[in-house]
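> fold the following and give me the result.
(5 chains)
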Amino acid sequence: MCGRFALSAKTRQIEKLVPSIKRGPDFEPRYNIAPSQKVLSVLNDDNSELQYIRWGLIPFWSKTESIGNKLINARIETIRERQSFRNLVKSRRCIIFADGFYEWTKNSSKTKTPYFIRLKSQETFAFAGLWDSWKNPENQTLRTGTIITTEANELIKGIHNRMPVILPNDLIPQWLSNELFYEELIAELKEPFKADAMEMFEVSSLVNNPRNDSPLNVKEILKTSFFE
DNA sequence: CCAGACGTTGTT
DNA sequence: GTCTGG
DNA sequence: CCAGACGTTGTT
DNA sequence: GTCTGG
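Model (predicted):
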């Protein structure tokens, strides 16, 4: 699963992943992005626009906002079957930027230990996602999205059985293209991102609280040596 | 036909 | 136990 | 994902 | 809005 992640990159690094996007503003680093918060994305609708959507999919037909609490992830194995997702695969794909994510493992003691996972290169990457547009009772439009998951790779398997679908950079244009052979691409994306390009660290349980998103907590959250 | 769901993870 | 909010 | 709430009447 | 279950 993917229920929490980080994005501390500058706009410039994100522009490298999607050359067609217009220069966006720089933004504050975020180390503890939780469902219901805004996530930085590019939608297949407009590959030139960097925009925020809310994490937690609210399908256009939903009468209530609360369904978004549930639809934070979509299993790639069943994405073509699920009522809430299958139509979106054809028409409403997106990418969501991150440079690391968290997974939890349960200990014998009922406590949960968080781990931070990122690329060895420390580069920003793109999750594969789906989005939709919903109108609230006041007729205001809200764009929301969900992150696609797959089985865990060899690195992550030790702590957890699922992980987010990370798009290899060369597949980003395909995922955002409107002439998509999604059958083939989806089959390809079931294969989890390669483990030897990633690294994983146990981190402080400070990250358990989604309100701890201060850059000042980074050294506490990432307690190993790599943030000197 | 209508009513109710529409999801994932992990645990029992 | 289950839902809501972040 | 985790943390925290989960409620009403009536006013300190 | 559309499918599933009864």
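
> could you use CA atoms for every contact and neighbour count after this?
Will do.

> where exactly do the helices run in chain A?
Counting by DSSP state H, chain A has helices at residues A:11-17, A:86-91, A:172-176, A:182-189, A:218-221.

> mean pLDDT for the ones you listed: which is lowest?
Of all those, helix A:218-221 carries the lowest average pLDDT, namely a mean of 67.

> got any ranges where chain A has weak pLDDT?
A:108-109, A:216-228 (pLDDT under 70).

> so what does the closest residue to DNA strand E within chain A look like in phi/psi?
Nearest residue of chain A to DNA strand E, counting by C-alpha to the nearest atom of the strand: A:Trp61, 4.9 Å away. Per-residue torsions, A:Trp61: phi -90, psi -10 (degrees, to the nearest 10).

> next: A:Ser121.
Per degrees, to the nearest 10, the backbone of A:Ser121 is at phi -70, psi -10.

> what about it, neighbour count?
By other C-alpha atoms under 10 Å, the residues close to A:Ser121 number 9.

> excluding chain neighbours, what is closest to it?
Among residues not flanking A:Ser121 along the chain, A:Ala197 sits closest, at 7.6 Å (C-alpha to C-alpha, 6 or more residues apart in numbering).

> picking up where we left off before, for the residue of chain A closest to DNA strand E, which residues are in contact?
A:Trp134 (C-alpha atoms under 8 Å, 6 or more residues apart in numbering).

> before we move on, the earlier item: residues contacting the residue nearest to A:Ser121?
A:Ala197 neighbours (C-alpha under 8 Å, 6+ apart): A:Leu119, A:Lys120, A:Ser121.

> next one: A:Leu167
A:Phe125, A:Ala126, A:Phe127, A:Ala128, A:Leu189, A:Phe193.

> closest to DNA strand C among those residues?
Distances from DNA strand C to the contacts of A:Leu167, taken by C-alpha to the nearest atom of the strand, are shortest for A:Phe127, at 18.0 Å.

> enumerate the residues of chain A near DNA strand D.
Contact residues, chain A versus DNA strand D (C-alpha under 7 Å from any atom of the strand): A:1-4, A:34-35, A:69, A:103-104, A:112, A:208-210.

> so which of those residues belong to strands?
Judged by DSSP state E, strands contain the following of those: A:Glu103, A:Trp104, A:Lys112.

> who does the last one bridge with?
Read it as A:Lys112. For A:Lys112, the beta-bridge partners are A:Lys106 (DSSP bridges).

> that one and DNA strand C: what is the separation?
Per C-alpha to the nearest atom of the strand, to the nearest Å, A:Lys112 is found 14 Å from DNA strand C.
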